[in-house]
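In: Here is a sequence with its predicted model. Questions after.
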Amino acid sequence: MRRSAPPGSFGSLRRFPPVNAPLSPTGTDLGAGTDLGDPAFWRLPRARRLAAFARLRALDTPVRFGPEPGFWALVRHADVQEASRDPRHFASAPGVTVPEPAAWAKAVFGDSMVNLDGAEHTSLRRIVSRAFTPRLLAATGENIRAVADRIVADAVRERPADFVASVASRMPFEVICDLMGVPERCRAPIAHRIDGASEHVGVARRRLRVPGRGLAALGGLQWLMARLARERRRRPTGDLISALVCADIDGQRLSSRQLGAFFSLLLVAGVETTRNALAHGLVLLTDHPGQRALLAEDFDRYADGAVEEIVRHSTPIIQFRRTVTAERALGGRVFRPGEKVVLLYASANRDERVFDQPDAFDITRAPNPHLGYGGGGPHHCLGAHLARQEMRALFSALLSRAPRVRATGAPRLVDSSFDNRVAALPFSLGSGSVPGSG
C-alpha cells in the first residue's frame, strides 16, 4: 500500500493536478524538463537541471512555476544577491522552503532564526553571532585540525568503504559538538536525529520513506537541545551552549525554546552542508587530477581557493524562498505583496555574466564571488568561516596522510530541491597511506 507524503514535504505536491510546462514572459514554451515546480524536475540528472537553469538565465525576466500560489524563480547572480540584501521587500517569514510548510510545522519551527526578519532576527543574531566571530573561531583551529587528523587516522586504520559515513559526516559533527559542549551521552541520539531532520524539506523521492520522519526527527532534536540548554542554565560549563544560555543583550536572554531551535539549526545546517561539500569536493578532486595535483603540490597556496571553488561548484544549498512584503521591481518585473520568490543559488553560481567558464572546476578562480553561503544581507551563513576551516583541515589531513585518496564510484545522491545531498560515496585511501597516531 502506497503511503502519502506528510504535509509540508515535496511529495505533498502530488496532490495537485498536473501543471502545463511553464511559459516564459514572451509566451515561449520552455519545454519539458524545465518545470521547477514539478517534483520530477528534481529527479533529473544534475547536468540537465543545470542546463535548465542556463535556459532560464537567458530570459529577460523571471518565470513563475508550480501550482497555486506558485513561486517566481530568481536565477541570475545579481538578482539573487539583490533580493538577499533587501529583507524589507523579500522576507524570510513565514518560511524559507518550498512548498509552503503545514500550519502545525510553522507553529513548531517558525521561531527558528532562519525564518525571522527585522528586529526579532537582528536581536537573536546579535546574541548568537558572539560565538562565531573569526577571532573566536580561530581559537578553535587547533581542535579542528586535531579532529581532522583523528578522523583520517581512523579511516587509514579501518579502511571503510563509504566516505560520507566514515569521514564527511564525522568532521562537522564532531567539531560542532566539541564547540557547543555536547556531552558524549547525547551525541549518538543527536546524530540520528540530524540524519532524519533534513528530510522534511525538498525531498522529491526517498525509498522506504516514513511519512513525517523528518519533522519528527527535527522536533526531537529541538527538544533534546532545549533540555541541554536548561541544564547549562543551571550549571554553566564554559562552552558555546553555556555562553549563549547566559548571553544578555539589553536585558534580553534567549528562551530554552529559542535556544533549542537555534542549536538544532546549527547542527542540521552545519553538519549537512559541510558534509555534502566535503563529499562533492572529493569527487571533484578525483575527476580533475590536474587541479588535485596543483592543490597537493602547494596546499597552503591553493587551499582557500579550492574550498571556495568546491562550494561554488557543488552549491550545497540549492535554494531558499522569500515572501514579497511590498511592491518591488527586480530582474525585469514588478513583484507584488504576498508573492513567493525562490533564490536559486545553484543557478547563480553558474551565471555566465559573473563566472568565466562557470561549469569548469578551477581552484585558481579569482575573484570567486559565489553565493554558496547565501547572497549577503542579514541571513548570510553564520557558520561560513567555521565551514571553511573544517574543509581546509580535512583535505589537508587527507592529502598528507592518504595522498592517493579518491572516489571509486559515483556518489549516491538524494533527489532534493533544497540541497545537493550526498547519501553515500564509495572511496579508497589508496596505497602509501600514513597511519598516524589519531
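Out: Received, thanks.

In: Where do the helices of the stretch 151-300 of the chain begin and end?
Out: 163, 170-180, 184-197, 213-234, 240-246, 256-287, 289-297, 299-314 (DSSP state H, counting those that start in this stretch).

In: Could you say which one of those comes nearest to D38?
Out: Closest to D38 of these, according to Cβ to Cβ: helix 213-234, at 20.9 Å. All C-beta spots, glycine's among them, are computed from the backbone N, C-alpha and C.

In: can I get the CA coordinates of the closest one in CSV?
Out: The C-alpha coordinates for helix 213-234 follow below in CSV (Å, rounded to 0.1, in the frame of the first residue of the first chain):
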residue,chain,number,x,y,z
ARG,A,213,10.0,11.1,9.9
GLY,A,214,11.9,14.3,9.1
LEU,A,215,9.7,16.6,11.1
ALA,A,216,9.6,14.2,14.0
ALA,A,217,13.4,14.0,14.0
LEU,A,218,13.7,17.8,13.9
GLY,A,219,11.2,18.1,16.7
GLY,A,220,13.1,15.6,18.7
LEU,A,221,16.3,17.4,18.1
GLN,A,222,14.9,20.7,19.2
TRP,A,223,13.5,19.1,22.4
LEU,A,224,16.9,17.5,23.2
MET,A,225,18.8,20.7,22.6
ALA,A,226,16.3,22.7,24.7
ARG,A,227,16.9,20.2,27.5
LEU,A,228,20.6,20.7,27.3
ALA,A,229,20.1,24.5,27.4
ARG,A,230,18.1,24.2,30.6
GLU,A,231,20.8,22.0,32.1
ARG,A,232,23.5,24.6,31.2
ARG,A,233,21.4,27.4,32.5
ARG,A,234,21.6,25.7,35.9
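
In: Please point out which parts of that helix sit buried.
Out: 213-222, 224-226, 228-229, 231-233 (16 or more other Cβ atoms under 10 Å).

In: by how many degrees do that helix and helix 256-287 diverge?
Out: If you take axes from the mean of the first three to the mean of the last three Cα atoms, to 10 degrees, helix 213-234 sits at 120 degrees to helix 256-287.

In: Who are the packing partners of helix 213-234?
Out: helix 103-109, helix 184-197, helix 240-246, helix 256-287 (3 or more Cβ pairs under 8 Å, 6 or more residues apart in numbering; DSSP states H and E).

In: so which of those gets nearest P87?
Out: Nearest of those (Cβ to Cβ): helix 256-287, 17.5 Å.

In: between that closest one and helix 299-314, how many degrees?
Out: 110 degrees.

In: from the chain's centre, how far out does helix 256-287 sit?
Out: Distance of helix 256-287 from the chain centroid (Cα atoms, centre = their mean, to the nearest Å) equals 6 Å.

In: could you give me the average pLDDT of it?
Out: What helix 256-287 shows for mean pLDDT is 89.

In: Tell me what angle that helix forms with helix 289-297.
Out: Using the same axes, to 10 degrees, the inter-axis angle of helix 256-287 relative to helix 289-297 is 110 degrees.

In: Can you say which of the helices of the stretch 151-300 of the chain is nearest to E100?
Out: The nearest among the helices of the stretch 151-300 of the chain, by Cβ to Cβ, is helix 213-234 at 14.2 Å.

In: what's the angle between the closest one and helix 184-197?
Out: With the same axes, to 10 degrees defining the directions, helix 213-234 sits at 150 degrees from helix 184-197.

In: Give the rounded mean pLDDT of helix 213-234.
Out: On average, helix 213-234 scores 82.

In: to the chain's geometric centre, what's the distance from that helix?
Out: 21 Å.

In: The helices of the stretch 151-300 of the chain: which one's closest to L382?
Out: Using Cβ to Cβ, the helices of the stretch 151-300 of the chain put helix 256-287 closest to L382, at 8.0 Å.

In: Quick check: buried residues in the closest one?
Out: Going by neighbour count (16+ other Cβ under 10 Å), the buried part of helix 256-287 is 256, 258-286.

In: ok, now which ones touch L284?
Out: The neighbours of L284, taking Cβ atoms under 8 Å, 6 or more residues apart in numbering as the test, are Q291, I310, H313, S314, F361.

In: repeat for A191
Out: Here A191 is in contact with S169, F173 (criterion: Cβ under 8 Å, 6+ apart).

In: what pLDDT does it get?
Out: Per-residue confidence (pLDDT) for A191: 88.

In: Then the one 4 residues further on?
Out: pLDDT recorded at D195 is 76.

In: And the residue nearest to it when sequence neighbours are not counted, how far from I190?
Out: Leaving aside its sequence neighbours, D195 sits nearest to A217 (Cβ to Cβ, 6 or more residues apart in numbering; 7.4 Å). To I190, A217 is 10 Å away according to Cβ to Cβ, to the nearest Å.

In: now do I151
Out: I151 is 18 Å from I190, by Cβ to Cβ.

In: What of L116?
Out: From L116 to I190 the distance is 24 Å (Cβ to Cβ).

In: Ramachandran coordinates for V63?
Out: When read as degrees, to the nearest 10, the backbone of V63 gives phi -120, psi 140.
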